[in-house]
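# Please find the sequence and the predicted model below.
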Amino acid sequence: MSDVDTSSWQVVATPREAVDALIARYDASARRLRTAFEAFVEHGTEPDAAPGAFVYPRMRVDYRPDGVVPPLSAAFGKLAAPGRYESDVARPAMFEDYLIEQLSLLCERYEITMSVGPSETEIPYPFVVESAIGVDAERVSPSSLARHFPTPDLAAIDDRVVNGEWTTASVMTSTPDPKPLALFGALRTDYSIQRLRHYTGTDAADFQQYILFTNYHRYVDAFVELAVEKLADDPFYGELVGPGAIRVLPGESDGAERIVAGPWRRHQMPAYHLKAPGGQGISLVNIGVGPSNAKTITDHLATLRPQCWIMVGHCGGLRHSQRLGDYVLAHAYLRRDHVLDRDLPPDIPIPAIAEIQLALSAATREVMGAEESAIKSRLRTGTVVTHDDRNWELRFEREAQTLGQARAIAIDMESATVATNGFRFRVPYGTLLCVSDKPLHGEIKLPGAANSFYERAIAEHLRIGLRAIELLRQDRAAMLHSRKLRSFDEPPFR
């Protein structure tokens, strides 16, 4: 494809035409940057590019109605006010389906004008040179590269839009133009794509739209086994991808062994992807223990705009009537993790998402296949406490009153963080935990008891999570993306 004019704006008539223009402009900028970088590293040739040669493309939507904006009962794909909406776009080919869907909603609902042009934001060279095969960038000092090529500007990579800091105006006042079209800009998106590869050992393009988080590696072993089974039995799924780009296709008998023997130990939060067409499969991420990891991975996964994420891990049961292996369906969270307090104050309530609650309940009943009374004896709904101190029991006298006042039924170190970032980033969320110990009642984790518990509970628990996602995927018409996740003056894109 020949280079496009980097300075002109192009009016487009359809979402398909808009996305094609975004892809052409991004690919041309990335190609110019990659070529100039290779020439500089290999031959010392300084770049002689015209201004704007390395910039991201920008998507623009103009909405100028004759009268007032009609009210629309929708969670996204709505314009709250007249004006111009813009966002820089990274990797448009990777987000092709998402972009077409969002633009199509706006075209169906409003009389808008769409155009594509250059942004003022240059693509940092580290975000494209990973594909410059055979180039040894270590031969050139970082300072020399930074003099000639754009580098990541951390001051420009922020969450002002998702945190509601981009404007103080509400829908009742005149909001200045341009308004953001999407929650994330190009730099933030590209930054997170790089981080996802680092933390999970897999490419961002392999992530599916439905995500499970766990806090124990044994769940990974169960997921890999179940995923290989689904590859053999369900033609909907096409491949399983693990860290290190290990790919398993249907019918490969050694698939589970190759994934387990792969380089997952090199990565802080290894990810595994049971892929389906259109990204409709399931990804599992082992986030390990602690709210810091939970915040880190959800900060980055949010830029991929998943349909939902669900926590399926272990917790401490706080009630005497609970038994090891019982389930906890969180309908409220007590935030004592603190890692998100600066982004979302702790007095902001985190509501349960009804559609996910119903799917998890239905999946539990279906997978357990037991009488209603038996299910009720093992599945309890209530408040989950997420703590940033694994040894909170050492301050039991100070903690007990708070736990009692909250009517808490379980405690862990990740669930409230995952839910809070889901609320903050407008990603539907849910939590189904399994009781692995009862710290207030003398049942602590011991090696022998833990192994016995894991063998009984993990496969069933994971099957419930997988089935819940399948139910959610089948019922997309139920509008999983609730309006309770959206604020007053939101960017129109989901």
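Okay, I see it.
# residue ranges with poor pLDDT in the stretch 201-350 of the chain?
Across the stretch 201-350 of the chain, nothing is flagged by pLDDT under 70.
# And the strands in it?
Assigned by DSSP state E, counting those that start in this stretch, the stretch 201-350 of the chain shows strands spanning 210-214, 239-242, 246-248, 271-275, 282-286, 308-311, 314-317, 327-336.
# Quickly run through the sheet partners of the shortest one, with directions.
The one in question is strand 246-248. Next to strand 246-248 in the sheet, as set by DSSP bridges, lie strand 239-242 (antiparallel).
# Please apply the same query to the longest one.
Sheet pairing here is set by DSSP bridges, and for strand 327-336 it gives strand 379-387 (parallel), strand 429-437 (antiparallel).
# Please apply the same query to the first one.
As defined by DSSP bridges, the strand partners of strand 210-214 come to strand 282-286 (parallel), strand 308-311 (parallel).
# per the record, what domains does the chain have?
10-194, 287-485 (automatic domain parsing).
# Would you tell me which one of these is buried the most?
domain 287-485 (a mean of 19; mean count of other CB atoms under 10 Å). C-beta coordinates here come from the backbone N, C-alpha and C atoms, glycine included.
# Tell me the gap between it and the middle of its chain.
Chain-centre distance of domain 287-485: 17 Å, with CA atoms, centre = their mean, to the nearest Å.
# one step back: between the domains of the chain, which one is nearest to residue 204?
domain 10-194 (4.3 Å; CB to CB).
# Now find how far off-centre the closest one is within its chain.
19 Å.
# In contact with the nearest residue to residue 287 once chain neighbours are set aside: list those residues for me.
Sequence neighbours aside, residue 293 is the residue nearest to residue 287 in space, at 4.7 Å (criterion: CB to CB, 6 or more residues apart in numbering). Residues counted as contacts of residue 293 (CB atoms under 8 Å, 6 or more residues apart in numbering) are 268-269, 287, 414.
# same deal with residue 396?
residue 440.
# Measure how the host helix or strand of it sits relative to strand 379-387, angle-wise.
For residue 396, the host element (DSSP states H and E) is helix 396-405. Per axes from the mean of the first three to the mean of the last three CA atoms, to 10 degrees, the angle that helix 396-405 makes with strand 379-387 is 140 degrees.
# any idea of the mean pLDDT for helix 396-405?
Per-residue pLDDT over helix 396-405 has a mean of 86.
# before we move on, what about stretch 23-31?
97.
# go on, stretch 462-481?
Mean predicted lDDT for stretch 462-481 stands at 86.
# which residues of the protein fall in helices?
15-43, 96-109, 142-148, 186-200, 217-233, 255-260, 291-301, 354-368, 372-378, 396-405, 415-425, 447-474 (DSSP state H).
# Take the strands paired with strand 327-336 and write them to JSON lines, including distance to residue 67 and mean pLDDT.
Below are these laid out as JSON lines (distance: least, CB to CB, whole Å; pLDDT from 0 to 100):
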{"stretch": "strand 379-387", "distance to residue 67": "46", "mean pLDDT": "96"}
{"stretch": "strand 429-437", "distance to residue 67": "38", "mean pLDDT": "95"}
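# Can you tell me which of those strands is nearest to residue 350?
strand 429-437 (8.6 Å).
# Can I get that closest one in PDB, CA atoms only?
The C-alpha trace of strand 429-437 is given here as PDB (Å, rounded to 0.1, in the frame of the first residue of the first chain):
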ATOM      1  CA  TYR A 429     -17.300  -7.600  36.300                       C
ATOM      2  CA  GLY A 430     -18.200 -10.300  38.700                       C
ATOM      3  CA  THR A 431     -16.700 -12.600  41.400                       C
ATOM      4  CA  LEU A 432     -17.300 -16.200  42.300                       C
ATOM      5  CA  LEU A 433     -14.800 -17.400  44.900                       C
ATOM      6  CA  CYS A 434     -14.200 -20.800  46.500                       C
ATOM      7  CA  VAL A 435     -13.500 -21.100  50.300                       C
ATOM      8  CA  SER A 436     -10.100 -22.600  50.800                       C
ATOM      9  CA  ASP A 437      -9.700 -21.900  54.500                       C
END
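# Which residue is the nearest non-sequential neighbour of residue 223?
According to CB to CB, 6+ apart, the nearest residue to residue 223 is residue 284 (4.7 Å).
# List the residues that contact the one you found.
211-214, 219-220, 223, 271-274.
# what's the answer for residue 317, then?
Counting by CB under 8 Å, 6+ apart, residue 317 has contacts 323-324, 326, 328, 409-410, 435, 437-438.
# leaving aside the residues next to it on the chain, what's closest to it?
Counting by CB to CB, 6+ apart, the residue nearest residue 317 is residue 435, at 3.8 Å.
# From residue 409, how far off is that neighbour?
9 Å (CB to CB, to the nearest Å).
# Which neighbours do these two have in common?
In contact with both residue 435 and residue 409: 317, 322, 328, using CB under 8 Å, 6+ apart.
# Dig out what the first one forms beta bridges with.
Looking back up the chat, that one is residue 317. Applying DSSP bridges, one finds that residue 317 bridges with residue 410.
# start the count at 397, not 1, going forward
In the new count, where the first residue is 397, that last one comes out as residue 713.
# Point me to the residue sitting closest to the centre of this protein.
With distances taken as CA atoms, centre = their mean, the residue of the chain nearest its centroid is residue 697 (2.7 Å).
# Name the nearest residue to that one, ignoring sequence neighbours.
Per CB to CB, 6+ apart, closest to residue 697 is residue 607, 6.5 Å.
# give the contact list for the one you found.
678-681, 697, 702, 704-706.
# CA atoms of stretch 864-877 as PDB?
This file holds the C-alpha atoms of stretch 864-877, laid out as PDB (Å, rounded to 0.1, in the frame of the first residue of the first chain):
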ATOM      1  CA  ALA A 864     -21.100 -18.500  32.900                       C
ATOM      2  CA  ILE A 865     -19.200 -16.900  30.100                       C
ATOM      3  CA  GLU A 866     -20.900 -19.100  27.600                       C
ATOM      4  CA  LEU A 867     -24.300 -18.100  28.900                       C
ATOM      5  CA  LEU A 868     -23.300 -14.400  28.800                       C
ATOM      6  CA  ARG A 869     -22.100 -14.800  25.200                       C
ATOM      7  CA  GLN A 870     -25.300 -16.500  24.100                       C
ATOM      8  CA  ASP A 871     -27.400 -13.600  25.600                       C
ATOM      9  CA  ARG A 872     -25.600 -10.500  24.200                       C
ATOM     10  CA  ALA A 873     -29.100  -9.100  23.500                       C
ATOM     11  CA  ALA A 874     -29.500  -8.600  27.300                       C
ATOM     12  CA  MET A 875     -27.100  -5.700  27.100                       C
ATOM     13  CA  LEU A 876     -24.300  -6.900  29.400                       C
ATOM     14  CA  HIS A 877     -22.900  -3.300  29.400                       C
END
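# what comes into contact with it?
Residues from elsewhere that reach stretch 864-877 (CB under 8 Å, 6+ apart): 471-472, 606, 608, 676, 678, 703-704, 706, 749, 751-752, 755-756, 758-759, 822, 824, 826, 828, 890.
# So residue 720 versus residue 778, what's the distance?
Counting by CB to CB, the gap from residue 720 to residue 778 is 17 Å.
# Sweet, I'm off.
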